[in-house]
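# Give me a model of this one.
(2 chains)
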Amino acid sequence: METKNIVENIRKKFPALAQQMNGQPLIYLDNAATSQKPLEVLELLDKMNAKVNANVHRAMYQLSDEATGLYEGARERVRQFINAPDRENIIYTSGTTASINLVAASFCQKYLMKGDVIVITADSHHSNIVPWQLAAERIGAEIRILPIDGRGALRIDMLDKMLDSKVKIVAATHISNVLGIVNPVDKIVQIAHNHNIPVLIDGAQGIVHVHVDVQKMDCDFYAFSAHKIYGATGVGILYGKSRYLNEMPPYMGGGDMVGTVTYQKTSYAPLPLKFEAGTPNFIGASALKPALDFAASVREGEVGEAVKASEQEIIKYMLNALPNEIGEVEVYGLPEGKVSSQASDDTGDKIPLFSFNIKGCNAGDVAQLLDKMGIAVRTGLMCAEPLLNSLGVTSVIRASFAPYNTLDEAKKFIECVKRAKKMLM
Amino acid sequence: MHCRVKSYNTMKINEIQNQIIEEFSIFTDWMDKYQYIIDLGKNLPIIDEADKKDENLIKGCQSRVWLICSEKDGKLFFKADSDAIITKGIISLLIRVYNEQTPKDILDSNLHFIDAIGLKANLSPTRANGLVSMIKQIKIYALAFAEKDVK
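I've put the predicted structure just below:
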């Protein structure tokens, strides 16, 4: 089947895409912020809300068994998806931010002392900065930044020198939500492990665009959100190696994470429940199974090939059109080596995510006009103010594509940006 | 279509608002409306670089706004600027409404024209563009000058 037809078939699974925004057909290009949900996910959410709604892990009746089965079944699907060794390594959280907060609080409490150092990468989202700042403040630790170079790639060459005996953890971004280039996390893990330093990877964008194998990568923690990979909002995952999760103290206390409770003392449940206090978002979490099934389906076989081809086409088109068709555009996060328009050429480490500015145009103005033309993009600080500071800007425009976006949409986007620029200048 | 602000403003706030609403009623297309606002923004007098200091700055996540207020003969005068043109266009309309008005009239006024011309989203408290804070600041100035008069 032709690529175009395959992408069309994928689109049909997403009812959200058929709507209008401000009287125009919706062109949804803010997938880095959240993705749309396929029918399989919507159907399960509906089914559970209506018919399989019973608290998990707690009761003896069939309905509860069914809900628990779906919830734990989704956990197993996550384990498979990232090739984690065991169920106990997969912790459900409310999102990437919560996952990183969990590690920052619990890991630092256990392993860091005053004067110790946490290394984070300069392309970090606030969710990979602030939790560490909070922990550092509590403990009297310091934060050290691994910088980026001119094109937005991490200065891996500087990492080894940075890892002295005071560094206790490295928290790195898999793919920046601003720059859209894949960082060599395998190398980061390798270098850190040479110093016996564990690594947390912020995989919010990474999980969506790269095949993640946590055992192969050998990262110590990997965090991501369900809602960015076609799943429900309010659900996230923390993968962690047993050796750390077993030693780390609980983050939140309450129901389900306990063993025995007296007023004097409480013992804790084994992993993974030790880190899952309270009634979980079991309906949202269960939807991770159909979400990841879908994600896998657009990576494998004929469909996978077509999606890859489509995304490469879009990347090449956008990297050419942004500077050449709109003019006076600065694009942040350029792929390694020059990406030509040759069909056979690879797009390197670039994902279909484009942050840019038009000289002389305010990003918010452009986005407001695009909104009226039915186009959804993100503008502003992208929750990455330090990164934008280092790029010398206070705002960017970002268009991020998913497998259900088409080259036609990319072309329409460029056309509308041209129109907006004309109105503003 | 060109609207001149009278230099000696005898019109009351609600009269001005209704005038603006009527002017906008001729636009049926969103893009024409926005182009008009953009043009207003481009024509807004630029404030002195000296006035673009931090104490006059109202920061939003998406755009910045500077607001300068002065008083003469019991009336308030405003100058404002922004790094976003659409915001500047709306500021231009706000200045048309609030300029040369008494503190009391400003405090008693209800700003309804933005909603009526279909730009309510621009004044949403969740829209981080400095406009909402700017209007609050205008009212704070009005309150300060009103209390000063009382004393």
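
# residue contacts, the residue most central in space within chain B?
Centroid-nearest residue in chain B, with C-alpha atoms, centre = their mean: B:Leu94, separated by 2.2 Å. When contacts are counted by C-beta atoms under 8 Å, 6 or more residues apart in numbering or on different chains, B:Leu94 touches B:78, B:80, B:111, B:134-135, B:138. All C-beta atoms are positioned from the backbone trio N, CA, C, and that covers glycine.

# Wasn't it part of a strand?
No: counting by DSSP: H, G, I helix; E, B strand; the rest coil, B:Leu94 is located in no strand; its state is helix.

# confidence score at it?
What the model reports as pLDDT for B:Leu94 is 93.

# Lowest mean pLDDT among the helices and strands, pick that one out for chain B.
Taking mean pLDDT, DSSP states H and E as the measure, chain B has strand B:57-59 as its least confident helix or strand, at a mean of 83.

# how about the longest helix seen in chain B: buried residues?
Counting by DSSP state H, the longest helix found in chain B is helix B:131-150. Residues B:131-135, B:137-138, B:141-142, B:145-146 are the ones in helix B:131-150 that count as buried (16 or more other C-beta atoms under 10 Å in any protein chain shown).

# Stretch A:392-401 too?
By 16+ other C-beta under 10 Å, the buried positions in stretch A:392-401 come out as A:393-401.

# so which pair among those residues is furthest apart in space?
A:Thr394 and A:Phe401 (24.9 Å; C-beta to C-beta).

# what about B:Pro45, distance to A:Ile118?
Separation of B:Pro45 from A:Ile118 (C-beta to C-beta, to the nearest Å) stands at 49 Å.

# okay, these two: which has more neighbours?
More crowded of B:Pro45 and A:Ile118, by other C-beta atoms under 10 Å in any protein chain shown: A:Ile118, with 25 against 9.

# Return the set of residues that bridge with that one.
Legend: beta-bridge partners of A:Ile118 under DSSP bridges are A:Ile143, A:Ile169.

# Show the model's pLDDT score for A:Ser344.
Looking at A:Ser344, its pLDDT reads 50.

# For the closest residue to A:Arg58 other than its chain neighbours, list the residues it contacts.
Nearest non-adjacent residue to A:Arg58, counting by C-beta to C-beta, 6 or more residues apart in numbering or on different chains: A:Ser64, 6.6 Å away. Neighbour list for A:Ser64: A:54-56, A:58 [criterion: C-beta under 8 Å, 6+ apart].

# check which helix or strand covers A:Ser64.
Here A:Ser64, judged by DSSP states H and E, is contained in helix A:62-82.

# Can you name the next helix or strand after that helix?
strand A:90-93.

# Verify the stated contact: A:Thr406 with A:Glu311.
No: counting by C-beta atoms under 8 Å, A:Thr406 does not reach A:Glu311; the two are 10.7 Å apart.

# What is the neighbour count of B:Glu23?
Look at B:Glu23: counted by other C-beta under 10 Å, it has 15 neighbours.

# whoops, A:Leu39 was the one
13.

# try A:Arg77
18.

# dump the residue contacts of it.
A:Arg77 makes contact with A:288-289, A:292-293 under the criterion C-beta under 8 Å, 6+ apart.
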